[in-house]
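**Student:** Predicted structure and sequence below. I'll ask about it afterward.
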Amino acid sequence: MELIDEIEELIMMHQEGPYWDFKREWYDDSKDGDLLIDIICMANNLVDRDAYIIIGVNEECDYAIQDVSQDANRRNTQMLTDFIRGKKFAGDFRPVVTVEQVHLDGGLVDVIVVHNSINTPYYLKEKYKGIFANNIYVRLQDSNTPVDKSADFHHAEYLWKKRFGMLLSPIEKVKLYLKHPEHWANSPSSEDKKYYKYAPEFTIDHTYEPEDDRTGYEYYLFAQTDSRPHWSEIRICYHQTVLAELGGVILDGGRYFTATPDRDGISLTEYHNWDVPYRYMVKGRLNHLVHEFYYVDDGDEARHSHNEYEGCILIFEDEKEHQRFRIYVRENWYRKDAFANDIWIPHMEQLPGYNMDAFREEYLNMQILRKMLEEFRKNDNTKN
């Protein structure tokens, strides 16, 4: 659901709730303490999702829209991030917020999106404008914890369980564990198998050989010193249950191992064929977590292979950025030649049975897409 649709639905309910709150106008400087505790409570919501502080809705006038475009106290994402960064949070874990503009029939409203995170509970380690240090404040139904109180024990317990991954499904737990490769140990039964030290029922290995004995080439192999293909499969297991199987590739003659990228393409016409195919990863997805998990910067060889590999694919911050970039490419691909200057194409020796020109074109297009992604990020107004 688009944010505008969700905000419209919440306003139509004519009530506040466990992850949304209405404000008639922006907080002025004298209400910085109110702003901070509202953000903390929303970050510590008990429904495990993004939360919204919707500014420009007048509860006293039947939830009418009050346009905020001329509000002198408006803040954008950077201003709000700087405000939060200046406060002393326990463990230096701070809520992540963005400010989104939503244009409704009655005018413009600003939405402070407090993004969901496992780093709960958020609380201060030093008192700030009446907000006590070490008090845990939560959003409960349509109310915040009173500033002179702390959350009930079972609510605080829920937030700590969330931080330690105790509320997650096995696949979500393993995503959390993969972010800490230092907590994994080698299995005595195989040098290619690892287990999570604090929950050894979770394992990852890449000893399983694909049934089709894959031997084909991909364009990104030619960026490596040794371009010969060596494919594998990565299995992530919980006890004896296979949670996921991913493609794996051994690069540069065994110097570096990682997960393979996803593949997609962009159609420039009404037909559904891929005019611009590409390979990519999205941060937070399993294959990118595994890609980061296996990288150990222990020398020039691994670093070189890792950097050359990442230099041949697109890596997106999230799926929203991925989809916005696809639109950007469709609208700007006519300019592709302007991005093609100074692109180096590695030597690709003729291989029997392969169309090497197709490899060169795909490699060139990926480098054009990477330059376009740099330009897109510089001009992406959705981040402000």
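**Tutor:** In hand now; what should we look at?

**Student:** what about the residue lying closest to residue 297 once chain neighbours are set aside, neighbour count?
**Tutor:** The shortest distance from residue 297 to any non-neighbouring residue, by C-beta to C-beta, 6 or more residues apart in numbering, is to residue 303 (5.4 Å). C-beta coordinates here come from the backbone N, C-alpha and C atoms, glycine included. By the criterion of other C-beta atoms under 10 Å, residue 303 has 15 neighbours.

**Student:** next one: the one 4 residues further on
**Tutor:** Here the count is done by other C-beta under 10 Å, and residue 307 has 12 residues near it.

**Student:** returning to that earlier point: quick one: pLDDT of the residue nearest to residue 297?
**Tutor:** As summarised for this prediction, residue 303 has a pLDDT of 92.

**Student:** Repeat that for residue 380.
**Tutor:** Residue 380 is given a pLDDT of 80.

**Student:** what sits against it?
**Tutor:** Applying C-beta atoms under 8 Å, 6 or more residues apart in numbering to residue 380 gives the contacts 321, 324.

**Student:** What is the three-state secondary structure of the residue nearest to residue 297?
**Tutor:** Counting by DSSP: H, G, I helix; E, B strand; the rest coil, the backbone at residue 303 sits in helix.

**Student:** For the host helix or strand of residue 280, which residues meet the burial criterion?
**Tutor:** Assessed by DSSP states H and E, residue 280 sits inside strand 276-282. By neighbour count on 16 or more other C-beta atoms under 10 Å, the buried set for strand 276-282 is 276, 278, 279, 280, 281, 282.

**Student:** same deal with stretch 327-334?
**Tutor:** Within stretch 327-334, the residues scored as buried using 16+ other C-beta under 10 Å are 328, 329, 333.

**Student:** picking that back up, tell me the one of the buried residues of strand 276-282 nearest residue 294?
**Tutor:** Among these, residue 281 lies closest to residue 294 (C-beta to C-beta), at 13.1 Å.

**Student:** Find the residue closest to that closest one in space, skipping its chain neighbours.
**Tutor:** residue 288 (4.2 Å).

**Student:** Just say helix, strand or coil for that neighbour.
**Tutor:** helix.

**Student:** ok, now which ones touch it?
**Tutor:** 259, 281, 282, 315.

**Student:** Residue 295 versus that one, what's the distance?
**Tutor:** 11 Å (C-beta to C-beta, to the nearest Å).

**Student:** what sits in contact with each of the two?
**Tutor:** The contact lists of residue 288 and residue 295 share no entry, where a contact means C-beta under 8 Å, 6+ apart.

**Student:** Strands of the stretch 151-300 of the chain, start to end?
**Tutor:** 184-187, 190-196, 202-208, 231-238, 241-251, 256-259, 262-266, 276-282 (DSSP state E, counting those that start in this stretch).

**Student:** Between those strands, which one is closest to residue 24.
**Tutor:** That would be, of these and by C-beta to C-beta, strand 276-282, which comes in at 37.9 Å.

**Student:** From the contact counts, what lies against the closest one?
**Tutor:** Packed against strand 276-282 by the contact rule (3 or more C-beta pairs under 8 Å, 6 or more residues apart in numbering; DSSP states H and E) you find strand 262-266, helix 286-294, strand 314-316, helix 319-332, helix 356-378.

**Student:** Measure how it sits relative to helix 319-332, angle-wise.
**Tutor:** Relative orientation of strand 276-282 and helix 319-332, computed by axes from the mean of the first three to the mean of the last three C-alpha atoms, to 10 degrees: 160 degrees.

**Student:** The closest residue to residue 312 other than its chain neighbours: neighbour count?
**Tutor:** Leaving aside its sequence neighbours, residue 312 sits nearest to residue 220 (C-beta to C-beta, 6+ apart; 3.8 Å). Using other C-beta under 10 Å, residue 220 has 23 other residues around it.

**Student:** Now for the residue nearest the centre of the chain: which residues touch it?
**Tutor:** Most central in the chain under C-alpha atoms, centre = their mean is residue 318, positioned 4.2 Å from the mean C-alpha point. For residue 318, the contact set (C-beta under 8 Å, 6+ apart) comprises 282, 283, 284.

**Student:** what's the pLDDT at it?
**Tutor:** 94.

**Student:** Kindly report the same for residue 96.
**Tutor:** Value for residue 96, per-residue pLDDT: 97.

**Student:** That one and residue 43, how far apart?
**Tutor:** Residue 96 is 8 Å from residue 43, where distance means C-beta to C-beta.

**Student:** between these two, which one's more packed in?
**Tutor:** residue 43 (29 against 16).

**Student:** quick one, what contacts that one?
**Tutor:** 51, 95, 114, 117, 120, 122 are the contacts of residue 43 under C-beta under 8 Å, 6+ apart.
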